[in-house]
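Colleague: this one's sequence-less:
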């Protein structure tokens, strides 16, 4: 938990006492019986796994990120770049706010305005605490402008994996699941606050900056080029990217009409990304299962550096060094299952990874390889005493978010559900899940309730056996 030191109230005479940290309780203001006193927005959303990720009291509508980035000067030097940026954030107060927080770490804010007026601010550990004047009333819209910057390095998550703004020899790999976005912009960093984005990314001439959505232009001034991107669809912060490298942009239109923009590292052989030629066929296949593709564009980033994993960055999936067919299918399916419908809590991540893995199973069957049923049977041959089964899928713990059972047992859960309720109800459930919760978030409980609604069956025993019990399901 981050410490919350009292803020000094400068230039306000006659105010007795210090402002201290504590619960945001509404108390009667002097002389105004019954009216609430303005309070501070919470320092986090209270997610059980990452309680200080995100913030209370605000709903961010849009981030406009103006990023000026210089990669490391030379390969032998330490991998440290330089980022100087301005974030323009449109938000709505959801409470009467005396102050509010944004998540920011490893970079330093130098100036903040709220509604065009200078605001006091301080950084306390990973929190940027902003004190607006005038205060913000619940329901009021305002624009927050933050100038910030500093050196960029190679941050890691709680498991020691690279994430966030990862500095590379020729740029940066930007992949932020679950809570890495504050390493490169001030943010309300939780999936429950989705926003639209726009990007202006300035880099040395010759490098390409790739972000989410559609490329709206590029221009060169002297020895630096600015790349402009627009991502108007609601997006969780961990899915945003601003990756920089020695890329070639391959742009075309898929058979379903989706604009495709692939950013292919010029230092990788064509064999590293040849399977991306299947993207159009995959889009058509997954639309037949889950409904229309939900965003304004799609594509891939294939970088010659590596974080050791791929990520479903919204509209522009990221691949370290190679993009292979199975992983391409997995990340594309995530655009529906994980990006459009995102986890309400990080404990619900099996719904992201289970659906994406099961989509791989179904794609394999479509391509004439093992059927989903055969893959399921092979998985169920895992002995009951295997550690795979000693795992609560709907509560993987913060260190188990990316454990094998989240993916494989999550996918097996979906196939078992398909067998239990039948194909017609199962695929009706899949499309209803996307239609009902798309653009927002949903939980394991939401999924179980929708499955019961669609199937007309009581599925308590099923979900208890498959996602809540750390044992191999035998009867459900």
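Modeller: Received it, and whenever you're ready, just let me know what you need. If you're wondering where the values come from, they're calculated on a predicted model, not measured in any experiment. Residues are numbered from 1 along each chain as shown.

Colleague: do I have it right that residue 388 meets residue 405?
Modeller: Yes. Residue 388 is within contact range of residue 405, at 5.5 Å (criterion: C-beta atoms under 8 Å). Quick note: C-beta positions are derived from backbone N, CA and C, even for glycine.

Colleague: with neighbour numbers in mind, choose between those two.
Modeller: Legend: neighbour count by other C-beta atoms under 10 Å for residue 388 and residue 405, higher for residue 405 (23 against 17).

Colleague: wouldn't residue 355 be in contact with residue 330 here?
Modeller: No. Assessed by C-beta under 8 Å, residue 355 is found out of contact with residue 330, at 9.7 Å.

Colleague: in terms of neighbours, single out the busier of those two.
Modeller: The neighbour count for residue 355 versus residue 330, taken as other C-beta under 10 Å, is higher for residue 355 (27 against 22).

Colleague: mind listing residues that contact the helix or strand hosting that one?
Modeller: Applying DSSP states H and E as the criterion places residue 355 in helix 350-366. Applying C-beta atoms under 8 Å, 6 or more residues apart in numbering, the external contacts of helix 350-366 come out as 282, 285-286, 289, 312, 326, 329-334, 336-338, 341-343, 370-372, 375-376, 393-394, 396, 402, 406-411, 413-415, 442, 444, 447, 467.

Colleague: need the pLDDT of residue 76.
Modeller: On pLDDT, residue 76 comes in at 66.

Colleague: before we move on, what about residue 4?
Modeller: 22.

Colleague: not counting sequence-adjacent ones, nearest residue to residue 84?
Modeller: Spatial nearest neighbour of residue 84, excluding adjacent residues (C-beta to C-beta, 6 or more residues apart in numbering): residue 149 at 3.8 Å.

Colleague: ugh, wrong one, residue 192
Modeller: Leaving aside its chain neighbours, residue 192 sits nearest to residue 441 (5.3 Å; criterion: C-beta to C-beta, 6+ apart).

Colleague: A strand includes that neighbour, no?
Modeller: Yes. Assignment of residue 441 by DSSP: H, G, I helix; E, B strand; the rest coil places it within a strand.

Colleague: check contacts around it.
Modeller: 191, 192, 194, 341, 342, 343, 344.

Colleague: domain map for the chain?
Modeller: Here the domain parsing of the chain from automatic domain parsing is 1-236, 246-335, 346-468.

Colleague: quick one: the helices in the stretch 251-400 of the chain, in order.
Modeller: 279-290, 325-334, 350-366, 372-380 (DSSP state H, counting those that start in this stretch).

Colleague: now render those helices as a markdown table, adding mean pLDDT and distance to residue 303.
Modeller: Shown next, in a markdown table, are the helices of the stretch 251-400 of the chain (pLDDT from 0 to 100; distance: least, C-beta to C-beta, whole Å):
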| stretch | mean pLDDT | distance to residue 303 |
| --- | --- | --- |
| helix 279-290 | 98 | 17 |
| helix 325-334 | 98 | 14 |
| helix 350-366 | 98 | 20 |
| helix 372-380 | 98 | 30 |
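
Colleague: out of those helices, which is the most enclosed?
Modeller: Comparing the helices of the stretch 251-400 of the chain by mean neighbour count (mean count of other C-beta atoms under 10 Å), helix 350-366 comes out on top with a mean of 24.
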